[in-house]
Structure formats: structure tokens, C-alpha cells
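K.L.:
Turn this into a structure:
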Amino acid sequence: MNDRLARIDFDRLARWMDQQGLGEGAIEEAAVLAGGTQNILVRFRRGDREYVLRRPPAHPRAGSNDTMRREMTMLAALADTDVPHPGLLAACAGEDVLGVSFYLMQPIDGFNPTTGLPAPHADDPAMRRRMGLALVEGIAALGAVDYRAVGLQDFGRPEGYLERQVDRWQRQLESYRAFKGWPGAGALPGVARIARWLQDHLPARFEPGILHGDYHFSNVLYRPRSAELAAIVDWELTTVGDPLLDLGWLLATWPEHGEAVVEGLTVSPWDGFPDAGELVSHYQAHSHRDVSSIHWYAVLACYKLALILEGTYARACAGQAPREVGERLHRSTVRLLERALSWID
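P.N.:
Residues are numbered from 1 along each chain as shown. Model prediction:
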């Protein structure tokens, strides 16, 4: 049995589902779904219905269960909104059933574009252009949700959200010194300069709202026969803060002439997709938010994502993560910082 499947006690899960009124009989056709390198996704059938289970990794990190609880809270809050997302069916915030927090959601009929474009998407540049515009509309819809009206008034700390960002991630970078073998921040091009620029050019104000926190091609599914989003997935970094950071994240990771800055975010064929300027214009047409400082958000996204990825490299240097993965992510870190430097020069 797949190691990830072995981490799930399906008999206990079935008994819990009985209590939730979800299906009858044995759990069948369980299969691990691709997507992400940390949390576990398993699709299975019970009775005449299919489900997707999401739980923390086989060896949960500190905060893994809290992350699951945050995800299930967000998905529940989005239930009656226009945001495309997996429908939450049931959630187990406690850890007594499977040893971790987990939830069940509806399967999504869709594909991830980084795994290859199917027909008709691969054959139609106009369809690919629409895919890019639909991607923008997803975060415009998310940012338009009144977080208080959907019960998320205590979900994040929007006060001072932007002011905290650089200090928060500088501390994260400093923490990597604990990993033996990591070459240090000196090996990262312009990281201190980028931090100073961000602090010196902080936007004067922002309007709080919901953000996904890691918005790019890998974290969306498209409908099989259209260019529209089927769902936004992987809500690990969601919070209430400044939704413009999602647009900045999209710009930071947007391929240039089809070449991905972050390895693994390549979509092919690329011709037809809108350029970065068109993404901003389309967001502006679908949101009331002021995008005049979007340049700052894009630089922050490069900085923040670069330091997140560098954490895996630091762990790999200490033998706590696969070396090949660490080096691949380190290359992406360098490219993200170089992109940020090109934008502030």
C-alpha cells in the first residue's frame, strides 16, 4: 500500500463518516492525488459518491493541524460566495479520529495547467488568453468577499499587516542559520537591499480582505472544456490581510516569454496568455481596489516567496530535506530575488 494511504485508518474514517451521515459501507478505490509536496490528498468512493480527504503530511510539522483548521474555516466561509473553490463536505478539527485534523471536500472535475494543457486548451491561443484573465478574476472575486459578513472577523490580523511583512520574513531568514551547511543570506542576491526598498516604499494604506497567500498556476484547476477556473486549491497560507498581495504573487511568478521564474510553474504552450500589464488592467476592471502601488506588492511577493523556498534549501543543506529538491528551490529563490532587483533598479 502507498505510504500515504497507510497513514489513514479507513475503518475509523468510515465510522466517523457514519456519524456525519456521509455514505454507507466500505471505503473503496482510495488513491493518492498529485499536488503539493506536504499535505496528503486522497480521493475515494463510498457508496455512490466520491470524496477527497485532505490531511497534514505523514510526519506533521509544528502547526500542521492548525493549518488544516484554518483551511477548513476558510472553505466553510466561502461556501455561498462566487469564489471557485472545493466544496467543504465535513471537517474534523480534532485529532482523535485519524491522529490529525482533516476534512472532506467535493472532488473537482478539472486539470492543473502545469501538468500539461489538454485539448482544446493546447490548440487555441484565444482560449489560453481567457485562462489568464480567468485567473485574475479568481482573486478579484476573493478580494471582494466581505470577510466580516462570512464570519472571518477574527481570522487574521489585518491591522499592520503590511508593516509586519519585511520584519517577519527577515526573522525567518535569520532562523535558517540553525541549519548546518546552509551558506547564509550572503549567497542570496540583493536580499537586504530588497528589504530596505520595501520598508522605504510601504503603501500608505490598504483595505483589508481575504487573500489566498500562494496564488499561481499550481494552485488552480481549470474546467476540462472551457478556459474558466474550476477551483482555487491549497489554502495553506490564506488569511485576512491585503488582497493585492495575491495579484503581486501572480506577477512575481508569471512566466516571461513562457520561461518560468519558479521551476514547476511552466505552462506550455504559452502563446496567447496575457502579459503582466494586461493582468493588472484586468484586475483593475474587476475590482474597486487601488492598484497604483502594485509594483510594491510584486516585489514583496518575490521577496516573501524566495525566503519561503530558501527554507527547504536550508533544511536540505542540513540533510533534513532531499538535496535535489532543495537545490531546485534555491535556484528559484535566486531568480525571484533577481526579478525583484530588476524591478527596483
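
K.L.:
Do a quick rundown of the strands in this structure.
P.N.:
27-32, 40-46, 49-55, 88-92, 102-105, 209-211, 220-222, 229-232, 239-241 (DSSP state E).

K.L.:
now the nearest residue to Val262 once chain neighbours are set aside: how far from Val136?
P.N.:
The shortest distance from Val262 to any non-neighbouring residue, by C-beta to C-beta, 6 or more residues apart in numbering, is to Ser332 (4.5 Å). (Each C-beta comes from the backbone N, C-alpha and C, glycine too.) Distance of Ser332 to Val136, computed by C-beta to C-beta, to the nearest Å: 23 Å.

K.L.:
do Asp109 as well
P.N.:
Taking C-beta to C-beta, one finds Asp109 at 22 Å from Val136.

K.L.:
Of those two, give the one with the bigger neighbour count.
P.N.:
The neighbour count for Asp109 versus Val136, taken as other C-beta atoms under 10 Å, is higher for Val136 (24 against 11).

K.L.:
doesn't Asp246 make contact with that one?
P.N.:
No. Using C-beta atoms under 8 Å as the test, Val136 is too far from Asp246 to be in contact (9.6 Å).

K.L.:
Looking at the strands of the chain, which is nearest to Thr266?
P.N.:
With C-beta to C-beta, the closest approach to Thr266 among the strands of the chain belongs to strand 220-222: 14.7 Å.

K.L.:
Kindly export stretch 87-102 (C-alpha atoms) in PDB.
P.N.:
What follows is stretch 87-102, C-alpha atoms only, in PDB (Å, rounded to 0.1, in the frame of the first residue of the first chain):
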ATOM      1  CA  GLY A  87     -16.900  22.500  -1.600                       C
ATOM      2  CA  LEU A  88     -16.400  21.500   2.100                       C
ATOM      3  CA  LEU A  89     -18.400  18.400   3.000                       C
ATOM      4  CA  ALA A  90     -17.300  17.800   6.600                       C
ATOM      5  CA  ALA A  91     -14.400  18.700   8.800                       C
ATOM      6  CA  CYS A  92     -12.800  17.100  11.800                       C
ATOM      7  CA  ALA A  93     -10.900  19.800  13.700                       C
ATOM      8  CA  GLY A  94      -9.900  17.400  16.500                       C
ATOM      9  CA  GLU A  95      -7.100  14.800  16.200                       C
ATOM     10  CA  ASP A  96      -8.900  11.800  17.800                       C
ATOM     11  CA  VAL A  97     -10.100  10.100  14.600                       C
ATOM     12  CA  LEU A  98      -7.100   9.900  12.400                       C
ATOM     13  CA  GLY A  99      -4.400  11.400  14.700                       C
ATOM     14  CA  VAL A 100      -4.500  14.700  12.800                       C
ATOM     15  CA  SER A 101      -7.100  17.300  11.800                       C
ATOM     16  CA  PHE A 102      -8.600  16.600   8.400                       C
END
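
K.L.:
what's in contact with that stretch?
P.N.:
Residues from elsewhere that reach stretch 87-102 (C-beta atoms under 8 Å, 6 or more residues apart in numbering): 8-9, 12-13, 16-17, 20, 22, 51, 53-56, 60, 64-65, 68-69, 72, 75-76, 79, 103-106.

K.L.:
Buried ones from those residues, can you make that a ChimeraX selection?
P.N.:
Selecting only the buried entries of the contacts of stretch 87-102 in ChimeraX, with 16 or more other C-beta atoms under 10 Å as the criterion:
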select :8,13,16,17,22,51,53,54,55,56,60,64,65,68,69,72,75,103,104,105
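
K.L.:
so what's Val42 up against?
P.N.:
Residues near Val42 by C-beta under 8 Å, 6+ apart: 4-5, 8, 30-33, 52-53, 55.
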